[in-house]
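> Take a look and give me a structure for this.
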Amino acid sequence: MRSIRPTVEGAFLAALTVILYLASIYIPILGVFVSFLCPLPVMFLVIRWGARVGILASFVASALVFTLAGLMQAVTCLVGFSLLGIAMGVTVRRRYALPEILILNTGVSLLSKLALVGIALIVAGKNPLVENIRLLEETLKRTPWIPQNLPGTEGLLELVQLIMPALLLVASLFDTGCNFLLGRWIGKRLGLSFPEIPPFSEWRLPRSVFWVFVLGWVFVLFGGPSVLGKIGINLQIVTQLLFLFQGLSLVYYFLGRYIRSKAVRVGILAFLMFQPLLSSLLSWLGVFDVFFDFRRLGTKQ
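Sure thing, here's the model as predicted:
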């Protein structure tokens, strides 16, 4: 009986993966949100029954997508979603710490995105990232309410190309975080074990992120317009975003001393986050907090 259960659950969750994936590509707008659920069935399978069952279910799901939507969609389902579900399931099953889970799976998510770009380049002979930038450029030119030769428009497109590596890395971190939070929320209700998440007021980056931040500045100062300088700009964007969250965590911690309502504290953070000057100050606050540990979190640990 025990040997049948993985097969039955695998078949059910492979079918669920197909339904979620087809919904993500065929339902406008809502499909974007559904796509965050796609890796979860495979992740649950791996946590419960191991990587072998998860891999088998992933191939079955991709075969079904192939018959219903074609080869490229099947490859996207396998590489873009199931691969992340397998990796996340393995790291949770082996009880990795939360930072390790996020770092490893962000790497897997980034590699899967690059692999999809490579596959599209081989199959169609076109880079989808470049095509999307061209599409954005054409859309701006054809939109009647946007003046042609608008100052900064061309610069914006060049900027998107320049910071594309940082955008891909941040997108990978974002979808990994969303998948983990959703998976943890649903998985706990299914009786699965997930690592605990520390309160937001206690989030703190390791000092190694600060040195990556410094390296980015050095590359920009001495690299100029070279490849080294472009790498530096991308490192700055990623690390400053991380420090922004550390700054928000610090502010949330001190707000908690005076404001009891979580909704009010979150509202204040949202206001601060979307003000360009204040968000920049918060990012620098996060940089200083790494060294000075204003909350004495290191002492508590």
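> pLDDT below threshold where in the stretch 201-301 of the chain?
Across the stretch 201-301 of the chain, the ranges flagged by pLDDT under 70 are 298-301.
> try 80
Applying pLDDT under 80 to the stretch 201-301 of the chain flags residues 224, 297-301.
> show me where it has helices.
207-223, 227-258, 262-273, 276-292, 297-300 (DSSP state H, counting those that start in this stretch).
> Dump those to CSV, plus mean neighbour count and distance to residue 119.
Using the backbone N, CA and C atoms, a C-beta is placed for each residue, glycine as well. Output for those, formatted as CSV (neighbours: other C-beta atoms under 10 Å; distance: least, C-beta to C-beta, whole Å):
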stretch, mean neighbour count, distance to residue 119
helix 207-223, 15, 30
helix 227-258, 18, 23
helix 262-273, 14, 36
helix 276-292, 16, 36
helix 297-300, 10, 43
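> out of the ones you listed, nearest to residue 107?
helix 227-258 (13.3 Å; C-beta to C-beta).
> That closest one packs against which elements?
helix 164-189, helix 207-223, helix 262-273, helix 276-292 (3 or more C-beta pairs under 8 Å, 6 or more residues apart in numbering; DSSP states H and E).
> could you redo the last one with a cut-off of 10 Å?
Under the contact definition 3 or more C-beta pairs under 10 Å, 6 or more residues apart in numbering; DSSP states H and E, helix 227-258 sits against helix 153-162, helix 164-189, helix 207-223, helix 262-273, helix 276-292, helix 297-300.
> JSON lines please, covering these and showing distance to residue 54.
As requested, the helices and strands packed on helix 227-258 are arranged in JSON lines below (distance: least, C-beta to C-beta, whole Å):
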{"stretch": "helix 153-162", "distance to residue 54": "36"}
{"stretch": "helix 164-189", "distance to residue 54": "13"}
{"stretch": "helix 207-223", "distance to residue 54": "32"}
{"stretch": "helix 262-273", "distance to residue 54": "35"}
{"stretch": "helix 276-292", "distance to residue 54": "37"}
{"stretch": "helix 297-300", "distance to residue 54": "36"}
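> and residue 177, which of the helices of the stretch 201-301 of the chain is closest to it?
Across those, residue 177 has its closest neighbour in helix 227-258 (10.5 Å, C-beta to C-beta).
> about what we covered before: in a markdown table: the helices of the stretch 201-301 of the chain, plus distance to residue 85.
Output for these, formatted as a markdown table (distance: least, C-beta to C-beta, whole Å):
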| stretch | distance to residue 85 |
| --- | --- |
| helix 207-223 | 27 |
| helix 227-258 | 24 |
| helix 262-273 | 30 |
| helix 276-292 | 31 |
| helix 297-300 | 32 |
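> Of all the ones you listed, which one comes closest to residue 36?
Among the helices of the stretch 201-301 of the chain, the nearest to residue 36 by C-beta to C-beta is helix 227-258 (19.3 Å).
> Run the chain-centre distance for that closest one.
Its chain's average C-alpha position is 16 Å from that of helix 227-258, according to C-alpha atoms, centre = their mean, to the nearest Å.
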